[in-house]
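> sequence-free structure coming up:
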């Protein structure tokens with residue numbers, strides 16, 4: 001009897017020891033010398049690339065104010081021109097404020113320098129140059145305010161934009177014509193001494209640096 005109790009007691013001790021060794025480890029307490037195991041960190045979300053986002057647009061009121069201030073005309077004069085451009089193309093995604101010089105009787109050149117503005121994008125300096133061919137009158141040195149349509153990121157401006165033939169018109173002492181390349185349309189608005197009119201069928205090439213030759 002005593003021998004049977006001894007055997008049963010030994011089996012019980014071995015069973016409790018096996019359960020102890022089979023107990024799962026605490027992941028947050030690995031014993032002396034080891035600190036708690038940290039859980040894996042979630043992957044960091046990458047910031048959105050502004051060049052992949054659809055560009056925000058400018059309202060009519062914003063453009064009228066900027067045109068009036070930059071070209072030195074009344075809000076009523078600026079509003080008349082902007083109303084017509086907005087009626088044809090809607091709200092622009094960018095605009096260029098700059099100055100240019102040109103001159104021609106039948107064949108000439110136009111050079112300019114300005115700043116490209118887009119919402120939530122850094123302001124960028126750019127230059128433009130190109131030949132102008134047509135029945136232009138006189139020469140001018142003036143400021144120009146260009147509305148940009150469907151320009152989704154700044155780098156897309158650096159290309160040639162041919163003038164849309166027959167698109168030039170004069171309204172309230174301000175001249176407007178259209179330029180187009182791919183899906184982007186530019187609407188330069190000019191005011192200044194010797195404002196040129198006519199069927200300008202040249203092009204303007206926009207670049208990061210000034211180029212001497214307009215071709």
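Sure thing, it's come through. Values in this document were obtained by computation on a predicted structure and should not be read as measured data. Numbering: from 1, shown residues only.

> low-confidence ranges in this structure?
Applying pLDDT under 70 to the chain picks out residues 1-52, 103-107, 132-141, 165-167, 169, 192-201, 213-215.

> let's see it at 90
Applying pLDDT under 90 to the chain picks out residues 1-54, 73, 77, 100-111, 130-143, 163-177, 190-203, 210-215.

> any chance you could map the helices in it?
Remark: helices assigned in the chain by DSSP state H are 2-22, 60-71, 75-89.

> name the residues of the shortest one that are buried.
Think helix 60-71. Within helix 60-71, the residues that count as buried by 16 or more other Cβ atoms under 10 Å are 63, 64, 66, 67, 68, 70, 71. (Glycine included, C-beta is placed from N, CA and C.)

> the closest residue to the fifth one other than its chain neighbours: what's it in contact with?
It refers to residue 68. Distances taken as Cβ to Cβ, 6 or more residues apart in numbering put residue 78 closest to residue 68, at 4.3 Å, once the chain neighbours are dropped. Contact analysis of residue 78 by Cβ atoms under 8 Å, 6 or more residues apart in numbering lists 64, 67, 68, 71, 174.

> I'd like to know how far the nearest residue to residue 97 once chain neighbours are set aside sits from residue 187.
Nearest residue to residue 97 in three dimensions, chain neighbours excluded: residue 70, at 5.2 Å (Cβ to Cβ, 6+ apart). Residue 70 sits 15 Å away from residue 187, going by Cβ to Cβ, to the nearest Å.

> which ones are touching the residue nearest to residue 97?
Applying Cβ under 8 Å, 6+ apart, one finds that residue 70 lies in contact with 97, 143, 145.

> nearest to residue 121 among those residues?
Checking the contacts of residue 70 against residue 121 by Cβ to Cβ gives residue 97 as the nearest, at 14.7 Å.

> what's near enough to touch that closest one?
Residues near residue 97 by Cβ under 8 Å, 6+ apart: 66, 70, 114, 115, 117, 143, 145, 146.

> looking at the sheet around it, what are its partners?
Taking DSSP bridges as the rule, residue 97 bridges to residue 115, residue 145.

> ditto for the one 5 residues further on
When bridges are taken as DSSP bridges, the partners of residue 102 come out as residue 110, residue 140.

> surely it touches residue 130?
No. With contact defined as Cβ atoms under 8 Å, residue 102 does not reach residue 130; the gap is 9.4 Å.

> what do the two both touch?
Taking Cβ under 8 Å, 6+ apart as the criterion, residue 102 and residue 130 both touch 109, 110.

> so what's the backbone phi/psi at the closest residue to residue 54 other than its chain neighbours?
Counting by Cβ to Cβ, 6+ apart, residue 152 is the residue found nearest to residue 54 once chain neighbours are left out, at 6.6 Å. The phi/psi pair for residue 152 (degrees, to the nearest 10) reads phi -90, psi -20.

> wait, residue 152 touches residue 57, no?
No. The criterion here is Cβ under 8 Å, and residue 152 misses it with residue 57 at 11.1 Å.

> can you list residues touching both of these two?
Common neighbours of residue 152 and residue 57, counting by Cβ under 8 Å, 6+ apart, are residue 93.

> which one of the two is surrounded by more residues?
Taking neighbours as other Cβ atoms under 10 Å, residue 152 and residue 57 compare with residue 152 leading, 18 against 15.

> count the residues that sit near residue 176.
Using other Cβ under 10 Å, the number of residues around residue 176 comes to 20.
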